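Asks: Task: produce atomic coordinates for the following.
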Amino acid sequence: MGVAGLAYLLTSEEFGRPAQPERPTLRPPITWEPPIGDPHRAEFTICSGPIRANCVVDGDTFWFEGVKIRIADIDAPEISEPACADEAKAGEMAKARLLDLLNGGRFRLIAGWRDEDRFGRKLRVVSRGDVSLGELLVREGLARRWGGPDRGWCS
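Replies: Predicted structure coming up:
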């Protein structure tokens, strides 16, 4: 070290002070933003047997990641205890279409004013983009809006 270097060390404000940790940079507070797009995707099958991971029960009920979900904005024809052959046939068609819709791409599950129904199923509106999959089933004649007139499915 030369004379200039020694002079710098002796006259520097830093000479003899312990090293100071770097000051953290102040950042604005992190704000939470909801995820963009539809976060969920899975390969669904028709439910059979005891394992219920990602499968469709009927036209308005399915299992996703081990949770039983009831589509909140529709009512589909019954398959387990149909009132007539027409209801059983319509229920099978609704189930097949729901399977196609769920396997058709990413989707979002939106909680409504009530978390669960009386059977312990999670009540969710299922959407892709800004379209309710339940509303698609209604438009196709495979379901009815929830809370509408209970006309039954038999002729």
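Asks: what's the longest helix in this protein?
Replies: As assigned by DSSP state H, the longest helix anywhere in the chain is helix 85-102.
Asks: Tell me the buried residues in that one?
Replies: For helix 85-102, burial by neighbour count (16 or more other CB atoms under 10 Å) applies to 87-88, 90-95, 97-99, 101-102. Heads up, the C-betas are built off the backbone N, CA and C, glycines and all.
Asks: Closest to residue 151 out of these?
Replies: The nearest member of the buried residues of helix 85-102 to residue 151, counting by CB to CB, is residue 87 at 11.2 Å.
Asks: what's the closest non-adjacent residue to the closest one?
Replies: Closest residue to residue 87 apart from its sequence neighbours, by CB to CB, 6 or more residues apart in numbering: residue 153 at 3.7 Å.
Asks: same check, this time on residue 64
Replies: Once flanking residues are discounted, residue 64 sits nearest to residue 54: 5.8 Å by CB to CB, 6+ apart.
Asks: Could you tell me how many residues sit around that neighbour?
Replies: Applying other CB atoms under 10 Å, we find 19 other residues in the vicinity of residue 54.
Asks: Tell me who's in contact with it.
Replies: By CB atoms under 8 Å, 6 or more residues apart in numbering, residue 54 lies in contact with 42-45, 62-65.
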